[in-house]
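Student: A predicted structure for the sequence below; I have some questions about it.
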Number of protein chains: 2
Amino acid sequence: MITGHVFIATSLDGFIARPDGDIGWLLARDDPTEDHGYDAFIATMDGIVMGRGTFETMRDVRPWPYSRPVTVLSASLRQSDLSADLTGSVQVTAANPEAVMTGLQAEGRARVYVDGGQVIQSFLRAGLIADMVITQVPVLLGAGRRLFGALQADVPLHHEGTRAFPSGLVQTRYRIAA
Amino acid sequence: MITGHVFIATSLDGFIARPDGDIGWLLARDDPTEDHGYDAFIATMDGIVMGRGTFETMRDVRPWPYSRPVTVLSASLRQSDLSADLTGSVQVTAANPEAVMTGLQAEGRARVYVDGGQVIQSFLRAGLIADMVITQVPVLLGAGRRLFGALQADVPLHHEGTRAFPSGLVQTRYRIAA
């Protein structure tokens, strides 16, 4: 069965970006000499799902930073809106989370990196997330785009591990309880 | 100079209580065989400041659980509203955070436990919090009363330590950067 996996950083007050999408506060605290485990994480994934917002912030980055096929969830974006060099590695879909995952499974994918606040929230509500690696950044922003949102019911978690870095980042792994 | 100190638990999505104030989700995950450090923390405090909401949930608890003088911040509650057995250990005030702390300092107090979401937020905005011990509970609630709120500016933090408990609680200590 295909599973969704989260690897994301938030401020201590739970924001993944400022209201305008800015992540300078995060980049300023990202010590490049520390290995926060993204490469090891992504090596175990065979697909990436993101929202339009995340895609828009990345679409002009070259070299294209994703080494796995990317699925962009959007009701407004079209496949024909992609720049030519991305059409082979990015697929745009308006399908709902369940249908997206069913489609990816039919393509033979098993472990999908789910990125972006809105998409993570909708995948959590649909029960499609297996585990989350959350890195807390030592700052309070007071406002911004939240990682978590409304739920129909509590989501109990199993704590699997925590490590703190000299930079002050605290990374915790949770498995979503069955 | 008098300082404010926070010791509080939140869900992973940042709530200290459900919308109706319920903390059953927290109590259900509090393993009484684990020492989360509250006794050691409170032993270093010489006063407690809380909001009316926190006070209302505690006012009928006997024996009275607080071993330090309690100051309740409220614009509506009166000293005469207190039950007779609390008048010696609880003081009600409508003063603002700065004036409350100035008054406590004049009484000879130096380290104050600041409790309750609204009060912590107002003390953070006033720059009156020196450090915070935050214990994250492995559950997403989706809605409730938030620990953190709006700020006039970023609050940078220094990470001082993290420990994880077998119950899945993750406790992190932060000092508010100068």
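Tutor: Yep, it's here. Predicted, not measured: the structure shown is a model, and the values here were computed from it. Numbering: from 1, shown residues only, chains lettered A, B, ... in the order given.
Student: ok, residue A:93 touching residue A:71?
Tutor: Yes. With contact defined as Cβ atoms under 8 Å, residue A:93 counts as touching residue A:71 (6.1 Å). Every C-beta, even on glycine, is put in place using the N, C-alpha and C of the backbone.
Student: work out for me the element the spatially closest residue to residue A:31 that is not a sequence neighbour sits within.
Tutor: Among residues not flanking residue A:31 along the chain, residue A:167 sits closest, at 4.1 Å (Cβ to Cβ, 6 or more residues apart in numbering or on different chains). Secondary structure assignment for residue A:167, by DSSP states H and E: no helix or strand.
Student: who does the helix or strand where residue A:134 lies pair up with?
Tutor: In this assignment (DSSP H and E), residue A:134 forms part of strand A:129-137. Next to strand A:129-137 in the sheet, as set by DSSP bridges, lie strand A:3-11 (parallel), strand A:170-176 (antiparallel).
Student: sorry, back to before: correct me, but the residue nearest to residue A:31 touches residue A:28?
Tutor: No. Using Cβ under 8 Å, residue A:167 makes no contact with residue A:28, being 10.5 Å away.
Student: the two: who's more crowded?
Tutor: residue A:167 (16 against 10; other Cβ atoms under 10 Å in any protein chain shown).
Student: what sits against the more buried one?
Tutor: A:29, A:30, A:31, A:34 (Cβ atoms under 8 Å, 6 or more residues apart in numbering or on different chains).
Student: where along chain A do the helices fall?
Tutor: For chain A, the helices defined by DSSP state H occupy A:24-27, A:38-42, A:52-58, A:97-106, A:117-125.
Student: separation between residue A:134 and residue B:128?
Tutor: Distance, residue A:134 to residue B:128, by Cβ to Cβ, to the nearest Å: 29 Å.
Student: from residue A:162, how far off is residue A:136?
Tutor: 10 Å.
Student: which one's more surrounded, those two?
Tutor: residue A:136 (27 against 21).
Student: for that one, what are its contacts?
Tutor: By Cβ under 8 Å, 6+ apart, the contact list for residue A:136 reads A:9, A:10, A:11, A:12, A:169, A:170, A:171, A:172, B:172.
Student: the third one: how many residues sit nearby?
Tutor: In other words, residue A:11. If you count neighbours by other Cβ under 10 Å, residue A:11 ends up with 26.
Student: tell me the pLDDT of it.
Tutor: We have a pLDDT of 98 for residue A:11.
Student: partners of it in the sheet?
Tutor: residue A:137.
Student: you'd agree it is up against residue A:145?
Tutor: No. Between residue A:11 and residue A:145 there is no contact under Cβ under 8 Å: 10.5 Å.
Student: apart from its neighbours in sequence, what residue is nearest the residue nearest to the spatial centre of chain A?
Tutor: Ranked by distance to the mean C-alpha position of chain A (Cα atoms, centre = their mean), the top residue is residue A:115 at 1.7 Å. With sequence-adjacent residues excluded and distances taken as Cβ to Cβ, 6+ apart, residue A:115 is closest to residue A:50, at 4.5 Å.
Student: contacts only, for residue A:119.
Tutor: A:49, A:50, A:51, A:54, A:73, A:97.
Student: for those residues, work out which two are farthest apart.
Tutor: A:54 and A:97 (14.8 Å; Cβ to Cβ).
Student: higher neighbour count, these two?
Tutor: Neighbour comparison, residue A:54 and residue A:97: the larger count goes to residue A:54, with 23 against 20 (by other Cβ under 10 Å).
Student: what's around residue A:48, how many residues?
Tutor: By other Cβ under 10 Å, the residues close to residue A:48 number 22.
Student: surely it meets residue A:112?
Tutor: Yes. Residue A:48 is within contact range of residue A:112, at 6.8 Å (criterion: Cβ under 8 Å).
Student: tell me the buried residues in the lowest-mean-pLDDT helix or strand in chain A?
Tutor: Using mean pLDDT, DSSP states H and E, helix A:52-58 stands out as the lowest-scoring helix or strand of chain A, at a mean of 90. Within helix A:52-58, the residues scored as buried using 16 or more other Cβ atoms under 10 Å in any protein chain shown are A:52, A:53, A:54, A:55, A:58.
Student: what of stretch A:59-75?
Tutor: For stretch A:59-75, the neighbour count (16+ other Cβ under 10 Å) marks A:59, A:66, A:68, A:69, A:70, A:71, A:72, A:73, A:74 as buried.
Student: please apply the same query to stretch A:90-102.
Tutor: Neighbour counts over stretch A:90-102 (16+ other Cβ under 10 Å) mark A:90, A:91, A:92, A:93, A:97, A:100, A:101 as buried.
Student: can you redo those as CSV with pLDDT and distance to chain B?
Tutor: Shown next, in CSV, are the buried residues of stretch A:90-102 (pLDDT from 0 to 100; distance: Cβ to the nearest Cβ, whole Å):
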residue, pLDDT, distance to chain B
A:90, 97, 30
A:91, 97, 29
A:92, 97, 29
A:93, 97, 26
A:97, 97, 17
A:100, 98, 21
A:101, 98, 20
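Student: residues of chain A that sit close to chain B?
Tutor: Chain A comes close to chain B at residues A:12-14, A:25, A:124, A:134, A:136, A:138-143, A:147-159, A:161-162, A:164, A:168-170, A:172, A:174, as judged by Cβ under 8 Å from any Cβ of the partner chain.
Student: among those, which ones are in strands?
Tutor: Among the residues of chain A next to chain B, DSSP state E puts A:134, A:136, A:139-140, A:155-159, A:161-162, A:164, A:170, A:172, A:174 in strands.
Student: good, we can wrap up now.
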